[in-house]
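# Please find the sequence and the predicted model below.
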Amino acid sequence: MANIKSAKKRVLIERERRVENNSVKSEIKTYIRNFKADLANDVTKAEETYKVLISKLDSAANSNVIHANSASRKKAHFAKLLDNAKKAK
């Protein structure tokens, strides 16, 4: 445990940030799961879920919860899945 007052404060702040970051990451994973489920069942609903998912990925990347390249890679991957599902339909 830290002995210096500022170091103790940093520990508390990092704990708060970790909780917030984990909740954002969990929310993204939930939207990914929903997108994949919608993709298997209903492509039009998957398009709506895709828009929300992209928004969540962008906001997470802008707030440095996830790396910008990681968000971009995921967006491209899901766009490709959606496009292939549209073509198959």
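Done, it's in.

# Tell me how many other residues surround the nearest residue to Val24 once chain neighbours are set aside.
Leaving aside its chain neighbours, Val24 sits nearest to Val65 (4.8 Å; criterion: CB to CB, 6 or more residues apart in numbering). From N, CA and C alone the C-beta is placed, and that goes for glycine too. By the criterion of other CB atoms under 10 Å, Val65 has 20 neighbours.

# Show me the helices in the protein, by range?
5-41, 43-62, 68-88 (DSSP state H).

# What helices and strands are in contact with the longest one?
Contact here means 3 or more CB pairs under 8 Å, 6 or more residues apart in numbering; DSSP states H and E; on that basis helix 5-41 packs against helix 43-62, helix 68-88.

# can you check the shortest one too?
With contacts taken as 3+ CB pairs under 8 Å, 6+ apart, helix 43-62 sits against helix 5-41, helix 68-88.

# And the pLDDT for the residue nearest the centre of the chain?
In the chain, the C-alpha nearest the mean C-alpha coordinate belongs to Ile28, at 3.2 Å (CA atoms, centre = their mean). Predicted confidence (pLDDT) for Ile28: 98.

# you'd agree it is up against Leu53?
Yes: contact criterion CB atoms under 8 Å: Ile28 and Leu53 qualify, at 7.5 Å.

# and the helices of the chain, which is most packed in?
helix 43-62 (a mean of 16; mean count of other CB atoms under 10 Å).

# mind saving the C-alpha coords of it as PDB?
The C-alpha trace of helix 43-62 is given here as PDB (Å, rounded to 0.1, in the frame of the first residue of the first chain):
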ATOM      1  CA  VAL A  43     -30.700  -9.000 -40.500                       C
ATOM      2  CA  THR A  44     -32.700  -5.800 -40.200                       C
ATOM      3  CA  LYS A  45     -32.600  -5.900 -36.400                       C
ATOM      4  CA  ALA A  46     -28.900  -6.700 -36.700                       C
ATOM      5  CA  GLU A  47     -28.400  -3.400 -38.600                       C
ATOM      6  CA  GLU A  48     -29.900  -1.400 -35.800                       C
ATOM      7  CA  THR A  49     -27.800  -3.200 -33.200                       C
ATOM      8  CA  TYR A  50     -24.800  -2.600 -35.400                       C
ATOM      9  CA  LYS A  51     -25.300   1.200 -35.300                       C
ATOM     10  CA  VAL A  52     -25.500   1.200 -31.600                       C
ATOM     11  CA  LEU A  53     -22.400  -1.100 -31.300                       C
ATOM     12  CA  ILE A  54     -20.400   1.200 -33.600                       C
ATOM     13  CA  SER A  55     -21.400   4.200 -31.400                       C
ATOM     14  CA  LYS A  56     -20.300   2.300 -28.200                       C
ATOM     15  CA  LEU A  57     -17.000   1.300 -29.800                       C
ATOM     16  CA  ASP A  58     -16.300   4.900 -30.900                       C
ATOM     17  CA  SER A  59     -17.100   6.400 -27.500                       C
ATOM     18  CA  ALA A  60     -14.900   3.800 -25.800                       C
ATOM     19  CA  ALA A  61     -12.000   4.500 -28.200                       C
ATOM     20  CA  ASN A  62     -12.400   8.300 -27.700                       C
END
